[in-house]
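Q: Only the shape, not the letters, is given here:
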């Protein structure tokens, strides 16, 4: 599924589960894009990664390591937002 479809399919359930645990609804919805970002690392969406590797002429291992670092750092930020360590300023 694409990132947008991932939010549509899993988003309602994920938001409901997060809100049920006591998390602010705006914060729960703000974290949804990180859930969609992880879909690009797994098949069949990884086909985009292979196309980019061909264009950039990079190796699989180097590209996979960079993508995994990016995904893990994004998930850490999402968890810190959910826990309340990082603030979200809402006007």
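A: Thanks, I have the structure now. These numbers were taken from a predicted model, which means no experiment stands behind them.
Q: Next, residue 86: phi, psi?
A: With angles defined as degrees, to the nearest 10, residue 86 sits at phi -90, psi 130.
Q: Out of the helices and strands in this protein, which is least certain?
A: Taking mean pLDDT, DSSP states H and E as the measure, helix 32-37 is the helix or strand of the chain with the lowest mean score, a mean of 71.
Q: OK, contacts around the most centrally placed residue in the chain?
A: In the chain, the C-alpha nearest the mean C-alpha coordinate belongs to residue 34, at 2.3 Å (C-alpha atoms, centre = their mean). For residue 34, the set of contacting residues under the criterion of C-beta atoms under 8 Å, 6 or more residues apart in numbering consists of 74, 75, 77, 78. C-beta: built from backbone N, CA, C; applies to glycine.
Q: now for the helix or strand following the least confident helix or strand of the chain, which elements pack on it?
A: On the C-terminal side of helix 32-37, the closest following helix or strand by DSSP states H and E is helix 46-56. Here helix 46-56 touches helix 60-83, going by 3 or more C-beta pairs under 8 Å, 6 or more residues apart in numbering; DSSP states H and E.
Q: May I have the predicted confidence score for the residue in the chain sticking out farthest from the centre?
A: Summary for the chain: using C-alpha atoms, centre = their mean, the residue whose C-alpha lies farthest from the chain's mean C-alpha position is residue 57, with a distance of 25.5 Å. In the prediction, the pLDDT value recorded for residue 57 is 91.
Q: Quick check: phi and psi at it.
A: When quoted as degrees, to the nearest 10, the phi and psi of residue 57 stand at phi 50, psi 50.
Q: can you list the weak-confidence ranges in the protein?
A: Counting by pLDDT under 70, the ranges of the chain that qualify are 1-4, 35-45, 90-91.
Q: What angle do helix 60-83 and whichever strand or helix holds residue 12 make with each other?
A: Applying DSSP H and E as the criterion places residue 12 in helix 3-20. For the pair helix 3-20 and helix 60-83, the angle between their directions (axes from the mean of the first three to the mean of the last three C-alpha atoms, to 10 degrees) equals 30 degrees.
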